[in-house]
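[1] generate a structure from the sequence data that follows.
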Amino acid sequence: MPLLGHVGGGTLDPLQLVAITAAATAYAFRAQTLAAEGRPVPVWRVLCFGAGILLIAAALVSPIAHMGEELLLAHMAQHLLVADIAAGLIVLGLTGPLLQPLLAIRAIDRMRALTHPLIALPLWAASLYIWHIPALYQAALTSEALHALQHACFIGFGILMWMPLFGPLPKPDWFGIGAKVGYVVGVRMAGTVLGNVFMWSGTVFYPDYAAGEAEFGISPLTDQGIAGVIMVGEGGLLTLGVLAWLFLQWADQDTERQHLVELAEERGVPLTDARARRAVAAGQGARLERRLREGGA
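    The predicted structure is shown next:
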């Protein structure tokens, strides 16, 4: 098995590990502060954030990172782990109170505009395509600083891309379930197009992998094609999972909306279907129900 014979051990990249260590430490301290104030972060969110950080660390120091220096397919798997899966888990781990100290900084608060779906998606797609330009991608293979910047962009813009779907920040009123489905399709289309370019192109984009591909007994085009298959396959599975989640969310929201409208009718409180839908979409359904039961308008 020529592949197994050249897998090798892990790698150690302190420049990249410092950032995720700092993020994990800040998260832990803030979560402890909120718990002491009687506003604990839900356990499942803490687990999601921790899993995201651990996944990034594993991708950076495991044999995958070592193979990523020799094979495009391994490097692709590494990037998808940190930019798609780990970034999504990190966003699932965030809450408004957790982000409150950061948002109190005016410069950072102004950056909330970047989480608007019409801004986050183009920025993520631009980062994805720019970093796969052959000259820039291959330069990152030989420069530790540039490689760290590449991973920081993949993770950072990945987090930005997931924020409109899973993040705690306010979203536009029009960004309902239907718009979210369109958003997810747009994200996956961007990744699928690039993956298909790798799969079907007869041109080798990254010749710097030639030595590693020879060691593993894989031709450059085969390596590149498998990398494309990995990108398309991972994106397809992730898309199915997100769409299933959106369907369940739509079903729950529709049930909650109907319940609020019927409760308002019973209490003699005017409540339009549109307002109930907005409240549910914003996560304020329980608060509105409490006000209705208390007789508030």
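
[2] could you use CA atoms for every contact and neighbour count after this?
    Noted.

[3] grab the nearest non-local neighbour of the residue most central in space within the chain.
    Per Cα atoms, centre = their mean, the C-alpha nearest to the average position across the chain is that of residue 88, at 3.1 Å. Spatially, and ignoring its direct neighbours in sequence, residue 88 is nearest to residue 162 (5.9 Å; Cα to Cα, 6 or more residues apart in numbering).

[4] now do the helix or strand containing the one you found: distance to the chain's middle.
    Counting by DSSP states H and E, the element that carries residue 162 is helix 144-166. Between the centre of helix 144-166 and the centre of its host chain there is 8 Å, according to Cα atoms, centre = their mean, to the nearest Å.

[5] which other helices and strands contact it?
    Packing contacts for helix 144-166, counted by 3 or more Cα pairs under 8 Å, 6 or more residues apart in numbering; DSSP states H and E, involve helix 14-36, helix 87-92, helix 117-131, helix 134-142.

[6] still on that earlier bit, check contacts around the residue nearest to the centre of the chain.
    Contacts for residue 88 (Cα atoms under 8 Å, 6 or more residues apart in numbering) come out as 52, 158, 159, 162, 166.

[7] which of the helices and strands packed on helix 144-166 has the highest mean neighbour count?
    helix 87-92 (a mean of 25; mean count of other Cα atoms under 10 Å).

[8] only alpha carbons, please: show that helix as PDB.
    Backbone C-alpha positions of helix 87-92 (Å, rounded to 0.1, in the frame of the first residue of the first chain) are rendered in PDB as follows:
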ATOM      1  CA  ALA A  87     -16.400  27.000  11.200                       C
ATOM      2  CA  GLY A  88     -20.100  25.900  11.300                       C
ATOM      3  CA  LEU A  89     -19.600  24.300  14.700                       C
ATOM      4  CA  ILE A  90     -18.000  27.500  16.000                       C
ATOM      5  CA  VAL A  91     -21.000  29.600  14.900                       C
ATOM      6  CA  LEU A  92     -23.400  27.100  16.500                       C
END
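
[9] what's the average pLDDT for that helix?
    For helix 87-92, mean pLDDT rounds to 96.

[10] where in this structure is pLDDT low?
    Applying pLDDT under 70 to the chain flags the ranges 1-16, 267, 278, 281-284, 295-297.

[11] next helix or strand past the biggest helix by length in it?
    Longest helix of the chain, by residue count under DSSP state H: helix 220-267. Sequence order places helix 273-281 as the next helix or strand after helix 220-267, per DSSP H and E.

[12] using PDB, list the CA coordinates for that following helix.
    Only the C-alpha atoms of helix 273-281 are listed here, as PDB (Å, rounded to 0.1, in the frame of the first residue of the first chain):
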ATOM      1  CA  ASP A 273     -50.100  36.500  10.900                       C
ATOM      2  CA  ALA A 274     -47.200  38.500   9.600                       C
ATOM      3  CA  ARG A 275     -46.200  39.800  13.000                       C
ATOM      4  CA  ALA A 276     -46.400  36.400  14.600                       C
ATOM      5  CA  ARG A 277     -44.200  35.000  11.800                       C
ATOM      6  CA  ARG A 278     -41.600  37.800  12.300                       C
ATOM      7  CA  ALA A 279     -41.600  37.100  16.100                       C
ATOM      8  CA  VAL A 280     -41.000  33.400  15.600                       C
ATOM      9  CA  ALA A 281     -38.300  33.900  13.000                       C
END
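
[13] and the angle for it with helix 220-267?
    Here the directions of helix 273-281 and helix 220-267 differ by 130 degrees (axes from the mean of the first three to the mean of the last three Cα atoms, to 10 degrees).

[14] buried residues, stretch 31-51. List them.
    31, 40, 41, 45, 46, 48, 49, 50, 51 (16 or more other Cα atoms under 10 Å).

[15] which residues are in contact with that stretch?
    Contacts for stretch 31-51 (Cα under 8 Å, 6+ apart): 24, 86, 89, 90, 91, 92, 93, 94, 95, 97, 98.

[16] start and end of that stretch, how far apart?
    16 Å (Cα to Cα, to the nearest Å).

[17] what's the answer for stretch 108-122, then?
    Termini of stretch 108-122 sit 20 Å apart (Cα to Cα).

[18] okay, residue 173 and residue 187: tell me how far apart.
    Residue 173 is 20 Å from residue 187, by Cα to Cα.

[19] how near is the residue nearest to the centre of the chain to residue 158?
    Taken as Cα to Cα, the span from residue 88 to residue 158 is 7 Å.

[20] fine by me, thanks again.
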